[in-house]
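In: fold the stuff below for me.
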Amino acid sequence: MITRFKSYYVRQQFHPTLAGIFLNPFWIARRGLRRSMGENAKALDGRLLDVGCGSKPYRKLFSVSEYVGLEIESPSSRRAGNADFYYDGKQFPFDDASFDSILCNQVLEHVFDPQNFLSEIGRVLRPGGRLLLTIPFVWDEHEQPFDFARYSSFGLKSLLERHGFEVERQEKIGTDFSVIVQLVNAYIFKVLPENARVRLFATLALMAPITALGTLLTKALPKNPDLYLDQLVLARKV
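Out: Numbering: from 1, shown residues only. You can find the predicted model right below:
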C-alpha cells in the first residue's frame with residue numbers, strides 16, 4: 001500500500017490529475033507544462049536525446065525509436081542512476097549529427113554558459129532535426145546555487161536563432177491569474193520547514209484550497225500575455 005501511494009505521489013508531481021491538487025504544491029505549473037509537452041511531443045521522432053534528463057519524467061509522452069538520457073557528471077546524478085550517459089559540463093559524449101530529436105526540459109536556466117550548451121545541442125542534432133525546449137520565466141531561485149538565468153520570449157528566440165535554429169512554435173504557459181496563485185503556493189512551500197510530512201499536510205490543508213479557489217478566479221479574470229510561468233519552444237535545426 002505504501003509503495004503504491006509513493007508511486008502515485010511521484011506520478012502526480014509530473015503528470016497531475018485533478019486529484020493532484022491535494023498532493024502537488026506546484027499543480028498549476030506542472031499541469032500546464034504537462035499539457036504543452038503532451039501537445040508537442042509528437043513533433044519529435046527517431047533517436048531522441050533528453051538533455052538534463054533527471055528521472056526522465058516525460059519519457060512516456062514520446063514515441064521514438066530510442067530514448068537516451070544525458071546528465072551532467074556529479075555524485076548525485078551518478079547515485080540517482082537515471083541517465084544513460086554523463087558529460088563534463090562542456091562537451092556531450094556523442095558524434096556530430098547523431099540524434100534526430102532533442103528534449104531539454106527546464107534545464108537551460110541552470111546552464112552558466114548557454115552559448116557552449118546550445119552549440120553542443122546543435123552539434124549532436126542532425127540538420128532538420130527538432131529541439132523541444134521548456135524553461136521557466138516567472139519562478140523563484142531554485143536548485144541553488146545552480147540557477148543562473150531567465151529569458152524573455154524575445155531573448156530566447158534570438159538565442160536559439162543565433163545557434164542555428166529556426167523557431168517553429170513558441171508558447172507561453174500560464175498567461176493568466178494562475179501565475180499569482182502558483183507563486184503564492186511556491187512562497188508557502190519555501191517558508192515551510194523542510195519536513196516531508198509538514199509539507200504534505202500544508203499541501204492538503206492550505207495550498208489545495210488556494211489552488212482550487214485560484215483556479216476558479218482565473219476563469220473569471222482576463223489573461224495577461226506578458227506575465228507567465230513557463231515557455232515552450234519547438235525549433236528546427238537549419
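In: now residue 147, nearest residue through space, not along the chain?
Out: The shortest distance from residue 147 to any non-neighbouring residue, by CB to CB, 6 or more residues apart in numbering, is to residue 141 (4.8 Å). To be clear about C-beta, it is placed using only N, CA and C from the backbone, and glycine gets the same treatment.
In: where do the strands sit along the protein?
Out: Assigned by DSSP state E, the strands in the chain fall at 47-51, 66-72, 85-87, 99-105, 125-136, 165-173, 230-237.
In: now the helix or strand bottoming out on mean pLDDT in the chain: buried residues?
Out: The weakest-scoring helix or strand in the chain, judged by mean pLDDT, DSSP states H and E, is helix 2-14 (a mean of 89). In terms of neighbour count (16 or more other CB atoms under 10 Å), helix 2-14 has its buried residues at 12-14.
In: between the residues you listed, which is nearest residue 26?
Out: residue 13 (7.8 Å; CB to CB).
In: so who does the closest one touch?
Out: 20, 23-24, 26, 30, 57 (CB atoms under 8 Å, 6 or more residues apart in numbering).
In: hmm, 10 Å instead?
Out: Counting by CB atoms under 10 Å, 6 or more residues apart in numbering, residue 13 makes contact with 20, 23-27, 30, 55, 57.
In: would you map the helices across this structure?
Out: Taking DSSP state H, the helices of the chain run over residues 2-14, 27-40, 75-80, 114-124, 153-161, 178-191, 196-202, 208-220.
In: which residues make contact with the shortest one from outside it?
Out: The contact list for helix 75-80, computed with CB under 10 Å, 6+ apart, reads 52-55, 70-71, 74, 83, 86.
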